[in-house]
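Q: sequence unknown, structure follows:
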């Protein structure tokens, strides 16, 4: 049986561990690695895009990181319950034309009993920034 530690129910300590693992995986910019933290039928809402399952997650992230260059992400704990975690995040990237952006948002995560994320709902806003204003 596939498991991704730590498992729910989450304590503050294990929620913080889960958040750090997610941040590390996303900063690897490896779509396959990231997808393995999710159930095979995981449901996502990312802005106005709806994604279902690991195969779609890999496709989505592959396209994302082809457009969002020099990507760097920071996630912060917001709240948790037994099998849910809420985070605030920001990330910075540049596009192919060299323009820099910072994206801010919130994510709500729901995990199955094996510690795999079954649902991920992300609300995200982008802001164009000057390269000198980067802080991540």
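A: In hand now; what should we look at? Just so it is clear, the model here is predicted, and its values are computed rather than measured.

Q: top helix in this protein by residue count?
A: helix 12-28 (DSSP state H).

Q: may I see the buried residues of that helix?
A: Of all the residues in helix 12-28, those buried under the rule 16 or more other Cβ atoms under 10 Å are 14, 15, 16, 18, 19, 21, 22, 23, 25, 26, 27. Where C-beta positions appear, they are placed from N, C-alpha and C, glycine not excepted.

Q: helices or strands up against it?
A: Other elements packing on helix 12-28 under the criterion 3 or more Cβ pairs under 8 Å, 6 or more residues apart in numbering; DSSP states H and E are helix 31-35, strand 69-80, strand 84-94.

Q: in CSV: these, plus mean neighbour count, mean pLDDT and distance to residue 7.
A: What follows is those, written out as CSV (neighbours: other Cβ atoms under 10 Å; pLDDT from 0 to 100; distance: least, Cβ to Cβ, whole Å):
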stretch, mean neighbour count, mean pLDDT, distance to residue 7
helix 31-35, 17, 98, 19
strand 69-80, 15, 98, 13
strand 84-94, 19, 98, 13
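
Q: distance to residue 117 added to those, as TSV?
A: Formatted as TSV, those follow (distance: least, Cβ to Cβ, whole Å):
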stretch	distance to residue 117
helix 31-35	10
strand 69-80	13
strand 84-94	9
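
Q: closest to residue 49 out of those?
A: Nearest of the helices and strands packed on helix 12-28 to residue 49, taken as Cβ to Cβ: helix 31-35 at 14.7 Å.

Q: got a list of contacts for the helix or strand just after that closest one?
A: Once helix 31-35 ends, the next helix or strand along the chain (criterion: DSSP states H and E) is strand 38-46. Applying Cβ atoms under 8 Å, 6 or more residues apart in numbering, the external contacts of strand 38-46 come out as 50-54, 57, 60, 112, 116-122, 124.
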